[in-house]
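Asker: I'll drop the sequence and a predicted model, then ask my questions.
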Amino acid sequence: MNEKKGFFGKLVAGLQKTRDNIIAGVDSIFSGFSAIDEEFYEEIEEILIMGDLGIQTTMSIVEDLKKKVKEQGIKDPSECKELLMDSIREQMDLGENAYEFENRKSVLLIIGVNGVGKTTSVGKLAGQMKDDGKKVIVAAADTFRAAAIEQLTEWARRAGVDIIAQQEGSDPAAVVFDAVAAAKSRQADVLICDTAGRLHNKKNLMEELKKINRIIDKEYPDAYRETLVVLDGTTGQNALVQAKQFMEVADITGIILTKLDGTAKGGIAVAIQSELGIPVKYIGVGEKIDDLQKFNANEFVNALFHADEKVEA
């Protein structure tokens, strides 16, 4: 329970910039308006868009807020805060935010462009799953970046998990082939593959991912599959654009949203789930291994709106 509280504290601290950006403005609207009118809604819209919730998501949230206000016959703007929080939560609710891969023999493909924290996320996930008592193997299939192989080797050493790697420039699918063979022979619970994300060369990326997927389908058909794309929260709307591009080349089942502690654009977590219908499964709010945690929409909205709760960073 304490550990959970610890992460909630980090989340509150990590969302400080986003909260300063959104919530201070929202609170001043709730206290500054004496009536709920069109201008009141427009002000809320503007602040949410500025917080990187995006136009489409903001419109949905405000429409929902208007509906709730009407249904409940609310006249006082200050009573709208809880309703606004509910509306934001509902935009992020995609039913059961499945972590089914934890209960089955599974293969996780992790994709993302350079610099978003992809290889680090692979290392952190491997470490956490190992700590949960799982047998984990990682595959260094981002073979076009020498640093990625070195970095993952170091993470694997720290986490105490096996790594399958070849030299820089080797065929990523060949690495995955070897890794699948190792996962089967060593009875691994989960195989996590760090794969490339060269979005500027989408056709090549698509071919590479197809080849990797074909190998897993053929060699490890009973493995449960998960494809997570890593996005940098500090890039705001650009992260949303990237997610859409990755959706064109792969069947994305979830998002890992990193670096939320360094940005005022934390609202992007809402926009991604609402607009793309893909769940944010993990969020990162720091460098440490436990700073990557499962995403919980309820906690996220609570942390976002805890304007009065001063948590020491």
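Answerer: Nice, I can see it.
Asker: just the strands in the chain please.
Answerer: Using DSSP state E, the strands of the chain run over 106-111, 136-141, 162-164, 190-195, 224-232, 254-258, 280-284, 292-294.
Asker: Now render these as JSON lines, adding distance to Asn238 and mean pLDDT.
Answerer: For glycine as for every other residue, the C-beta is placed from the backbone atoms N, C-alpha and C. As requested, the strands of the chain are exported to JSON lines (distance: least, CB to CB, whole Å; pLDDT from 0 to 100):
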{"stretch": "strand 106-111", "distance to Asn238": "16", "mean pLDDT": "97"}
{"stretch": "strand 136-141", "distance to Asn238": "25", "mean pLDDT": "97"}
{"stretch": "strand 162-164", "distance to Asn238": "31", "mean pLDDT": "97"}
{"stretch": "strand 190-195", "distance to Asn238": "21", "mean pLDDT": "97"}
{"stretch": "strand 224-232", "distance to Asn238": "8", "mean pLDDT": "96"}
{"stretch": "strand 254-258", "distance to Asn238": "13", "mean pLDDT": "95"}
{"stretch": "strand 280-284", "distance to Asn238": "16", "mean pLDDT": "93"}
{"stretch": "strand 292-294", "distance to Asn238": "21", "mean pLDDT": "90"}
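Asker: list the contacts for the residue nearest to Phe246 when sequence neighbours are not counted?
Answerer: The shortest distance from Phe246 to any non-neighbouring residue, by CB to CB, 6 or more residues apart in numbering, is to Val229 (4.6 Å). For Val229, the contact set (CB atoms under 8 Å, 6 or more residues apart in numbering) comprises Ile110, Ile111, Gly112, Gly197, Gln242, Ala243, Phe246, Ala250, Ile252, Gly254, Ile255, Ile256.
Asker: Looking at those residues, which is nearest Ile88?
Answerer: Using CB to CB, the shortest approach to Ile88 within the contacts of Val229 belongs to Ile255, at 17.1 Å.
Asker: distance of Thr234 from Ile22?
Answerer: Going from Thr234 to Ile22 by CB to CB, to the nearest Å gives 16 Å.
Asker: contacts for stretch 257-266?
Answerer: 10, 13-15, 17-21, 51-52, 116-117, 120-121, 230-237, 239, 268-269, 272, 280, 282-286, 291-292, 295, 304.
Asker: Which of those are buried, as a PyMOL select command?
Answerer: Only the buried members of the contacts of stretch 257-266 end up in this PyMOL selection, burial being decided by 16 or more other CB atoms under 10 Å:
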select buried, resi 10+13+14+15+17+18+19+21+51+52+116+117+120+121+230+231+232+233+234+235+236+237+239+268+269+272+280+282+283+284+285+286+291+292+295+304
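Asker: re the thing from before, look up which residues are beta-bridged to the residue nearest to Phe246.
Answerer: Ile111, Ile255 (DSSP bridges).
Asker: For the remainder of this discussion, apply numbering that starts at 401.
Answerer: Sure thing, new numbering starts at 401, so read that last one as Val629.
Asker: Can you list the low-confidence ranges for the stretch 451-600 of the chain?
Answerer: Along the stretch 451-600 of the chain, segments meeting pLDDT under 70 span 494-497.
Asker: repeat that with 80
Answerer: 493-498, 546, 599-600 (pLDDT under 80).
Asker: ok, Met450 - contacts?
Answerer: Counted by CB under 8 Å, 6+ apart, Met450 has contacts Asn421, Ile422, Gly425.
Asker: correct me, but the first one touches Leu448?
Answerer: No - with the criterion set as CB atoms under 8 Å, Asn421 and Leu448 do not qualify as a contacting pair; they are 10.2 Å apart.
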